[in-house]
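Colleague: Quick check, what structure comes out for this input:
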Amino acid sequence: MKDTRPMKLVLIEDDVAACRTFMDCENKRKDVVFVGMTDNSSEGLDFVINKLPEAVILDLELNWGGGSGTDFLKKLYKLELKYRPIVVVTTRNRSEIVQNQLHAYGIEWIFCKEQATYSPDMVIEQLLDLRPFLYKQQGGNHDLQTIETPEELKKRIVNRIYAEIDDFGINPKYKGRVLVAEAIYRLINNKTAGDSDKVFSELAAEKRTPYNNIVRPIQVALSRAWDNTDDIERLLKIYTAPIRKDVGAPTPTEFIHYYADKIRRDM
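Modeller: Reported below is the predicted structural model:
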């Protein structure tokens, strides 16, 4: 199945006119997005580490920029990356020795800027053709993988949390709504077995408030949503964990574990 997300690219190029041409190309397409443009090889490496592009378009010479294409490749080659981008090189150098050196760094595609048919569109089309092989070399089905920065991942999780608690019916006017969302996120982000008391204690310490000032507003928000619903049958289908009769609604601990587990399974 074709990936419908725009392919994330980084451009390392010191020719302003060439950068503008690539930008114009991006603006008329929906299948690519440049997450970084620079004329400096060191900054380009930072983009690779922090922006997690799927591919890099690298100008080999960088005569008017900082560093060089070969310097970028040497440093990239030494990095241990979970997601290694495809790198294609653009150059005016036709030397066979240079091309052999590039192949030693794993560069399969070299575009000569002097070629009559050369264009940014041609480079981008080639990258899109190579895209499925990127996921194969990562060892998985590309339809199941998401290459995203930590910030993008956090935003995706937080949006999902609020979608779930909105569906549950927690009114935005309750303070507990924000607190429970923060607690669920912390539980999801915990790499070890989650401990709700630890999560609530961390929130209390961060907000400089007593533990009960975290748990009580959450319980109020949950109870109001549970008791005030017009369709309890719908709510029982949304929240399928057992409810203790002596409580009559999910407890804060039960609630954050239920949704942390649910969202974690879908990540």
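
Colleague: Number of residues surrounding C112?
Modeller: For C112, the neighbour count with other CB atoms under 10 Å is 15. Every residue, glycine included, has its C-beta placed from N, CA and C.

Colleague: begin at 426 from here
Modeller: Done: numbering now begins at 426, and the last item shifts to C537.

Colleague: wait, what's in contact with it?
Modeller: Contact analysis of C537 by CB atoms under 8 Å, 6 or more residues apart in numbering lists 516-517, 519, 543.

Colleague: Now rank those by neighbours and give me the top one.
Modeller: Within the contacts of C537, neighbour counts (other CB under 10 Å) peak at T516, which reaches 19 neighbours.

Colleague: Name whatever forms a beta bridge with that one.
Modeller: Applying DSSP bridges to T516 gives these bridge partners: C537.

Colleague: ok, it to S467 distance?
Modeller: For T516, the distance to S467 (CB to CB, to the nearest Å) stands at 19 Å.

Colleague: same check, this time on V481
Modeller: 14 Å.

Colleague: quick one, which of those two is more surrounded?
Modeller: Neighbours per residue (other CB under 10 Å) separate V481 from S467, with V481 holding more: 23 against 12.

Colleague: so what secondary structure elements neighbour whatever helix or strand that one lives in?
Modeller: Secondary structure assignment for V481, by DSSP states H and E: strand 480-484. If you count contacts as 3 or more CB pairs under 8 Å, 6 or more residues apart in numbering; DSSP states H and E, strand 480-484 packs onto strand 432-437, helix 466-476, helix 494-503, strand 511-516, helix 545-562.

Colleague: Following the last one in sequence, what is the next regular element?
Modeller: Meaning helix 545-562. Next helix or strand after helix 545-562 toward the C-terminus (DSSP H and E): helix 575-593.

Colleague: If you count neighbours, what's buried in that following helix?
Modeller: Neighbour counts over helix 575-593 (16 or more other CB atoms under 10 Å) mark 582, 585-587, 589-590, 593 as buried.

Colleague: which regions of this protein lie under the pLDDT threshold?
Modeller: For the chain, applying pLDDT under 70 flags the ranges 426-429, 560-573, 616-619, 691-692.

Colleague: can you list the domain ranges for this protein.
Modeller: Domain ranges of the chain: 432-569, 575-691, per automatic domain parsing.

Colleague: contacting residues for N653?
Modeller: N653 makes contact with G594, according to CB under 8 Å, 6+ apart.

Colleague: So what does it look like in phi/psi?
Modeller: Main-chain dihedrals, N653, degrees, to the nearest 10: phi -100, psi 10.

Colleague: now swap in the one 10 residues further on and tell me
Modeller: The phi/psi pair for I663 (degrees, to the nearest 10) reads phi -80, psi -50.

Colleague: Next one: it relative to L487, how far apart?
Modeller: Separation of I663 from L487 (CB to CB): 55 Å.

Colleague: With V605 instead?
Modeller: Remark: distance between V605 and L487 (CB to CB) = 50 Å.

Colleague: if we can go back for a sec, show me which of I663 and L487 is the more surrounded one.
Modeller: Per other CB under 10 Å, whichever of I663 and L487 has more neighbours is L487, with 23 against 13.

Colleague: Quick check: which element contains P675?
Modeller: Applying DSSP H and E, one finds P675 in no helix or strand.
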